[in-house]
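**Q** structure of the sequence below:
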Amino acid sequence: MKIYDSFHPKSINEPVCLALGNFDGVHAGHRRLMGECTKLARQKQLEPAVFTFDSLTANAVAGKIVVKRLMSPALKAIAIEETGIRHMISVPFERSTMELSPRAFFNRLLECVNVRAVICGFNYRFGYKAAGDTALLASLCAEKGVELCVIPAYTVDGTTVSSTLLRTLIAKGDLKGYCHYSGSTFAIGKDGLQLKEECGLGQLRCHPRLWQVLPPEGTYKALVCTGFSKDAALVTVGAGEEPLLTVSFPEGDAPLIADTLRRDFFTILFLQEER
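**A** Below is the predicted model:
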């Protein structure tokens with residue numbers, strides 16, 4: 001998957017089917033939407049692409065972190081690529097973009113990407129103060145001859161799955177509920193952490209980035225995954241405004257595992273709280 005980090009004219013020259021959204025957590029509803037994007041792209045002989053922002057828009061508007069992220073940028077890109085998307089435009093939510101009217105924002109998209117079809121969720125909002133909705137988007141697409149597909153809410157057991165719901169579940173420590181509704185295991189990538197010094201045989205210490213959502217204080221069974229292995233570990237989440245995470249490995253290969261993680265990208269999969 002090609003990744004573009006700027007809002008420049010003709011970022012992608014190929015005609016595309018473009019999925020729009022924040023996609024924090026890339027949960028089952030997001031994956032369904034992207035699946036529809038790749039399906040329509042095949043039917044129309046287009047390139048499947050995603051347009052998103054590199055941070056949560058609520059934080060940019062507030063000028064501080066008011067909503068924590070479910071997924072780090074690297075994990076988000078990996079999860080999106082796994083759906084079959086071939087291009088991802090992930091740009092900063094800067095004031096110049098924030099203040100664009102819905103029409104100006106849409107026109108800016110068309111300047112940057114050769115859009116032939118657009119896919120978004122039922123509650124997609126865009127433009128200054130989120131003034132644009134799917135009804136306005138339908139009108140703008142019709143003016144430009146762009147096909148629009150609006151995906152209805154994704155529900156599990158009658159509950160609409162959303163990133164907000166999933167953040168609430170993690171904050172409560174409901175890892176099982178998170179997995180049930182999102183369709184995946186809660187994970188933190190290396191880019192969501194700041195590694196500290198080794199604090200013992202086969203241990204790593206790290207502080208989560210300020211924007212990274214965390215389960216409550218406690219010790220959790222986990223898998224630590226690199227591109228080559230999955231190793232069982234215990235992850236202890238400390239208390240406080242900037243909690244310390246301690247990742248502990250069983251004896252044996254623990255020193256080698258810890259050394260590998262300091263060098264390579266890794267993902268921590270939180271399985272359940274240790275009782």
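
**Q** from here on, just use CA atoms for contacts and neighbour counts.
**A** OK.

**Q** enumerate every residue touching Pro48.
**A** Val16, Cys17, Leu18, Ala19, Cys37, Thr38, Ala41, Gly84, Ile85, Arg86, His87 (Cα atoms under 8 Å, 6 or more residues apart in numbering).

**Q** nearest to Cys120 among those?
**A** Cys120 lies nearest to Ala19 out of the contacts of Pro48, by Cα to Cα, at 5.7 Å.

**Q** quick one: low-confidence residue ranges for the stretch 1-150 of the chain.
**A** 9 (pLDDT under 70).

**Q** try it again with 80
**A** Along the stretch 1-150 of the chain, segments meeting pLDDT under 80 span 7-11.

**Q** list of residues touching the strand or helix carrying Leu165?
**A** Here Leu165 sits within helix 163-171, counting by DSSP states H and E. Applying Cα under 8 Å, 6+ apart, the contact partners of helix 163-171 are 23-25, 27, 68, 70, 175, 177-178, 181-182, 213-216.

**Q** what's the following helix or strand after that helix?
**A** Trace forward from helix 163-171 with DSSP H and E and the next one is helix 175-182.

**Q** one step back: can you redo the contacts of Pro48 as CSV with neighbour count and distance to Arg262?
**A** Formatted as CSV, these follow (neighbours: other Cα atoms under 10 Å; distance: Cα to Cα, whole Å):
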residue, neighbour count, distance to Arg262
Val16, 26, 39
Cys17, 31, 39
Leu18, 31, 37
Ala19, 26, 35
Cys37, 29, 37
Thr38, 25, 36
Ala41, 21, 40
Gly84, 17, 30
Ile85, 24, 30
Arg86, 17, 30
His87, 21, 30
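
**Q** so the helix holding Leu165 versus helix 175-182, what angle?
**A** 160 degrees (axes from the mean of the first three to the mean of the last three Cα atoms, to 10 degrees).

**Q** please identify the buried residues of helix 163-171?
**A** Buried residues in helix 163-171, counted by 16 or more other Cα atoms under 10 Å: Ser163, Leu166, Arg167, Leu169, Ile170.

**Q** do the same with stretch 213-228
**A** Within stretch 213-228, the residues that count as buried by 16+ other Cα under 10 Å are 213-217, 219-226.

**Q** whichever strand or helix holds Leu110: how far from the chain's middle?
**A** Leu110 belongs to helix 102-112 when elements are defined using DSSP H and E. Offset of helix 102-112 from its chain centre (Cα atoms, centre = their mean, to the nearest Å): 23 Å.

**Q** before we move on, what about stretch 128-146?
**A** So, by Cα atoms, centre = their mean, the centroid of stretch 128-146 is 24 Å from its chain's centroid.

**Q** can you give the contact residues for that stretch?
**A** Contacts with stretch 128-146, where a contact means Cα under 8 Å, 6+ apart, come from 98-103, 106, 115-118, 122-126, 147-148, 150.

**Q** hang on, the earlier thing: can you tell me the strand partners of whichever helix or strand comes after the helix holding Leu110 and which way each runs?
**A** Where DSSP H and E defines the elements, the next helix or strand beyond helix 102-112 is strand 113-121. Partners of strand 113-121 in the sheet, by DSSP bridges, are strand 12-20 (parallel), strand 147-151 (parallel).
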